[in-house]
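In: sequence first, predicted coordinates after that:
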Amino acid sequence: MLRDAIQKLVRHAFTYAAAEQLSRLAGFLLIPLFTHFLSEADYGAKELFGVTIAVLAQLCGINVTNAMARHYFDDADPARKRLVVSTTWLAVAVSAAVVVAVLGAGTWLADGRGWLAEPGFTTLARLSLVILWFQLAREVLARYLQTEQRSLAFGAFALSKVIVELLLQVLFVAVLERGVVGAFEAVALSEAVFATLLALYLLPRIGLKFSREIFTGLMAFALPLIPNGILQFCLHSSDRYFVAALATRDDVGVYALAYKLGYIGNYLLLAPFLMVWYPYVFSLVERPKQARVLGELGPHFLFVLAGVTLALSVFAPELVDVLAQREGFRGAAVAVPWIGFGYLCWGWFQFAQTGFHVAKVTGPLPWLTAVALVVNVALNVALIPVHGFLGAAISTAVTFLVLAIATQLAVRRVFPHEFRWGRVLATLAGAGALAAVVAWARGESPALGPWLGVGALAVWAAWGWLGYLRGDERAALLAIVRDWRTRSRA
C-alpha cells in the first residue's frame, strides 16, 4: 500500500510542481528584475502589501477550501459533490466581496493618513483588494480541480497564468517603469483574466446552487481553521511588520529576499505535495490505512525536504550573489539557513496536523498555533532590536520547531498512529549540524565555500542511503525506480 501511495502521490505532485508552483518560482526569476528596478524600501513595501493580502484571504475564509476537499468525499453522488463546490465558491465570493467593499471605502476615508501616508500606498492598497477578490474566486475552483485529481487540466491552466503574469510584470516594471505599483497592476490584471476564464470553464458544469445544510457542515469544519489561519499568517508573515517597526523598511526588503530563498523547499516540494496529500489521505477512508501512510511516509518526506534545505543553506551566499542586483541585498545570505530550517519544521507540522483533519477535530489547531505565536512575538521583540532581520529569521526557526513538536504530541490523542521520533530528530540534527559546519568552515576559508557545500551534500546522500534507510526500504525504493523505468520505456 505504501508503495502505491508513493507512486500516486509523486505522479500528481510532480504535475502540480510543474504547474502552480511555477507561479511561485516565477517570483525567483523576477528577483533580479525587482532588485534592479526597485529600492530595498520599495521591495519591502511590496512584501508588506503581499502579506496583507494573505491575512485578508484568511479573514475571507480561504480555509473553507480545506473543508470543501474534506466534505467532497462524504457522498458518492456527483450532484452532491458539485453542490459542495458551488456552495463553497458562493460563500467565499460573497464574503470576499463584503471585505473588499468595506476596506475599499476605508482607503478613501483614510487616504493620505496613517499607513497610507506613504507615497503610492493608497494605490497599492486598492490594487491589493482587487487582487484579493479575484485570487479567492480562482482559488476555490482550482482547489476543485485538485480534489478531483485532474492534475493535467490544473497544470495547463496554471502554466498559462504563470507565463502571462511573468510577462506582464516585466512589461509594467521594466518597460513601462511603473515601479512597485506596476508590479501590483500586472498581478491584478492577471488574476482578473484567469479567474474569469476558470469560472467560464467550470461554473457552467458545477452550477451556482447554494445549500444551507452543506454550508453549515463546511462552517463547522472551517470555523476553527479561520482563526487558526490568521494565527498561522502571523507566524509566517507578521515578522515583516516587526522588522519594519523595530528595524527599517530597507531591512524588510533584505529579509524578504532571504525568506524567498529559505522558502524554496516549500515551493519545490511541500506545497505541491500537500495539494494531493490531503485528498489522497481522505480518500483512503479506513483509519488504519490512513494511520499507516501518515506514520511511515512522513519521516521519508521530511528527509527529502531536509536535503533541499541543506542545499539552500550551504549555497546561500552563491544564490544571493546571483539574484541580488543591489549591494544592499547581499546581507540576506546569513538569514537563509535559519529560515530554511524553520520551514523544514513547518513541513513536519503539516504532516502532524493531518491527523486532526482526518479525525475532523480541528479545534486544537488554533490553540497550538496561538502558543507558537506567543513564542514568535516574544522572540521577535527580543531579537530584532539586537540582530535586525537575522533576529526574525532565528525566531522563525525556533517557533516552527516548537509548533511541530507540540502538534505531534497533541495529535496522538485524537488520531493514534506510530511516529518514528528517532528518524525525524536524527534528520533535523544531521541537516543542522552539516549546515553549521559549512558555515563555520566558510568563515575560515571563504574560497572553499562551494566545495564545502558539495561535500556536505555528498555526506548527506551517503548517510541517507546507508544509515537512514533500512535494507527493506532500499529494496523497495529500487523496485519503484525499476517500475518507473519500465513504464517510461513502454
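Out: Yep, that arrived.

In: and the strands in the chain?
Out: For the chain, no strands are identified by DSSP state E.

In: what packs against the longest helix anywhere in it?
Out: Criterion DSSP state H: the longest helix present in the chain is helix 78-109. Under the contact definition 3 or more Cβ pairs under 8 Å, 6 or more residues apart in numbering; DSSP states H and E, helix 78-109 sits against helix 40-59, helix 64-71, helix 121-147, helix 179-206, helix 212-222. Just so you know, the C-beta spots here come from the backbone N, C-alpha and C atoms, and that holds for glycine as well.

In: which one of those helices is the most hemmed in?
Out: The highest mean neighbour count among the helices and strands packed on helix 78-109, using mean count of other Cβ atoms under 10 Å, belongs to helix 64-71: a mean of 23.

In: now that one, how far from the centre of its chain.
Out: 18 Å (Cα atoms, centre = their mean, to the nearest Å).

In: stretch 184-193 too?
Out: With Cα atoms, centre = their mean, you get 21 Å for stretch 184-193.

In: contact partners of it?
Out: 46, 49, 123-124, 127-128, 130-131, 134-135, 138, 161, 164-165, 168-169, 171-173, 178 (Cβ atoms under 8 Å, 6 or more residues apart in numbering).

In: now the longest helix of the chain and helix 40-59, what's the angle there?
Out: Compare the direction of helix 78-109 with that of helix 40-59 by axes from the mean of the first three to the mean of the last three Cα atoms, to 10 degrees and you get 130 degrees.

In: helix 78-109 to helix 212-222, inter-axis angle?
Out: For helix 78-109 against helix 212-222, the angle by the same axes, to 10 degrees is 70 degrees.

In: pLDDT on helix 78-109, on average?
Out: Here helix 78-109 scores 86 as its mean pLDDT.

In: and that helix, which residues are buried?
Out: Under the neighbour-count criterion of 16 or more other Cβ atoms under 10 Å, helix 78-109 has 81-93, 95-96, 99-100, 103, 107 buried.

In: ditto for stretch 352-362
Out: Ala352, Gln353, Thr354, Gly355, Phe356, His357, Val358, Thr362.

In: before we move on, back to that, could the helices and strands packed on helix 78-109 be laid out in TSV, adding mean pLDDT and distance to Gly443?
Out: As requested, the helices and strands packed on helix 78-109 are exported to TSV (pLDDT from 0 to 100; distance: least, Cβ to Cβ, whole Å):
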stretch	mean pLDDT	distance to Gly443
helix 40-59	82	25
helix 64-71	74	44
helix 121-147	88	40
helix 179-206	92	36
helix 212-222	79	48
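
In: so which of those is nearest Trp451?
Out: Proximity to Trp451 (Cβ to Cβ) singles out helix 40-59 among the helices and strands packed on helix 78-109, at 31.4 Å.

In: dump that closest one to PDB, restricted to CA.
Out: What follows is helix 40-59 as a C-alpha-only set of coordinates in PDB (Å, rounded to 0.1, in the frame of the first residue of the first chain):
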ATOM      1  CA  GLU A  40      15.300  48.000  -0.800                       C
ATOM      2  CA  ALA A  41      12.500  50.100   0.700                       C
ATOM      3  CA  ASP A  42      10.200  49.600  -2.400                       C
ATOM      4  CA  TYR A  43      10.800  45.800  -2.300                       C
ATOM      5  CA  GLY A  44       9.900  45.900   1.400                       C
ATOM      6  CA  ALA A  45       6.700  47.700   0.600                       C
ATOM      7  CA  LYS A  46       5.900  45.000  -2.000                       C
ATOM      8  CA  GLU A  47       6.400  42.400   0.700                       C
ATOM      9  CA  LEU A  48       4.300  44.200   3.300                       C
ATOM     10  CA  PHE A  49       1.300  44.500   1.000                       C
ATOM     11  CA  GLY A  50       1.800  40.900  -0.200                       C
ATOM     12  CA  VAL A  51       1.500  39.600   3.300                       C
ATOM     13  CA  THR A  52      -1.500  41.900   3.900                       C
ATOM     14  CA  ILE A  53      -3.300  40.100   1.000                       C
ATOM     15  CA  ALA A  54      -2.500  36.800   2.700                       C
ATOM     16  CA  VAL A  55      -4.100  37.700   6.000                       C
ATOM     17  CA  LEU A  56      -7.200  39.200   4.300                       C
ATOM     18  CA  ALA A  57      -7.600  35.900   2.400                       C
ATOM     19  CA  GLN A  58      -7.700  34.100   5.800                       C
ATOM     20  CA  LEU A  59     -10.400  36.600   7.000                       C
END
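
In: by contact count, what packs against it?
Out: Against helix 40-59 (3+ Cβ pairs under 8 Å, 6+ apart) you get helix 31-37, helix 78-109, helix 121-147, helix 179-206, helix 225-246, helix 249-262.

In: specify the angle between it and helix 249-262 in degrees.
Out: 60 degrees.

In: could you list the domains of this structure?
Out: Using automatic domain parsing, the domains assigned to the chain come out as 1-19+251-490, 38-223.

In: what about the last one, how long is it end to end?
Out: Translated: domain 38-223. Using Cα to Cα, to the nearest Å, one end of domain 38-223 lies 39 Å from the other.
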